[in-house]
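K.L.:
following is a predicted model, sequence given first.
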Amino acid sequence: MNLFQKYGGAEFWSNILNLFYTRVTSSGLLSRHFVDKDIDNVKSMLIGLLEVTLVTEGHYPEDALKEGHRTMEITTAEFDEWVSIYTIVLNESKISEEDSNCILSMIDGYRHCIVSKP
């Protein structure tokens, strides 16, 4: 069974994203990226990313990620904060340590597509 369905499919991951974005939008370091943004649209895109990567163990198109983040000027510290919050949410949501490490490794594999400032 793939990781997406192992924990309950779209509904489970949607709940994780709801918790995650509640925290991210409250982060002093990250909140600036979400002012006047449609968070529901962001979550929908991330559900798609999770499906691609966790169901098929595929790779999300890097060009699309680069283009989507091109003007955001995301720093290494901001990306690290994002990962830190995501890690906490995965742990609180009872994702196994092995599965969390797998997911976080996939996320870190996209760092070069998202971070544009040191």
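P.N.:
Thanks, I have the structure now. Given the structure is predicted, the values throughout are model-derived calculations rather than measurements.

K.L.:
buried set for stretch 20-30?
P.N.:
By neighbour count on 16 or more other CB atoms under 10 Å, the buried set for stretch 20-30 is 20-21, 24, 27, 30. (Each C-beta comes from the backbone N, C-alpha and C, glycine too.)

K.L.:
contact partners for Ser93?
P.N.:
Ser93 sits next to 7, 12, 15-16, 19 when contact means CB atoms under 8 Å, 6 or more residues apart in numbering.

K.L.:
you'd agree His59 is up against Tyr110?
P.N.:
No - counting by CB atoms under 8 Å, His59 stays clear of Tyr110, with 9.0 Å between them.

K.L.:
nearest residue to Leu46 other than its sequence neighbours?
P.N.:
Spatial nearest neighbour of Leu46, chain neighbours left out: Leu17 (5.8 Å); criterion: CB to CB, 6 or more residues apart in numbering.

K.L.:
show me which helix or strand of the chain is least confident by mean pLDDT.
P.N.:
Every helix and strand in the chain was compared by mean pLDDT, DSSP states H and E; the lowest is helix 39-50, with a mean of 86.

K.L.:
what packs against that one?
P.N.:
Contacts defined by 3 or more CB pairs under 8 Å, 6 or more residues apart in numbering; DSSP states H and E place helix 39-50 against helix 9-24.

K.L.:
how far away from the center of its chain is the helix it packs on?
P.N.:
10 Å (CA atoms, centre = their mean, to the nearest Å).

K.L.:
elements contacting that helix?
P.N.:
Applying 3+ CB pairs under 8 Å, 6+ apart, one finds that helix 9-24 contacts helix 39-50, helix 76-92.

K.L.:
show residues contacting that helix.
P.N.:
Taking CB under 8 Å, 6+ apart as the rule, helix 9-24 contacts 4, 7, 30-31, 34, 39, 42-43, 46-47, 50-51, 82, 85-86, 88-90, 92-93.

K.L.:
same check on stretch 63-78?
P.N.:
Under CB under 8 Å, 6+ apart, the answer for stretch 63-78 is 29-30, 33, 45, 110, 113-118.
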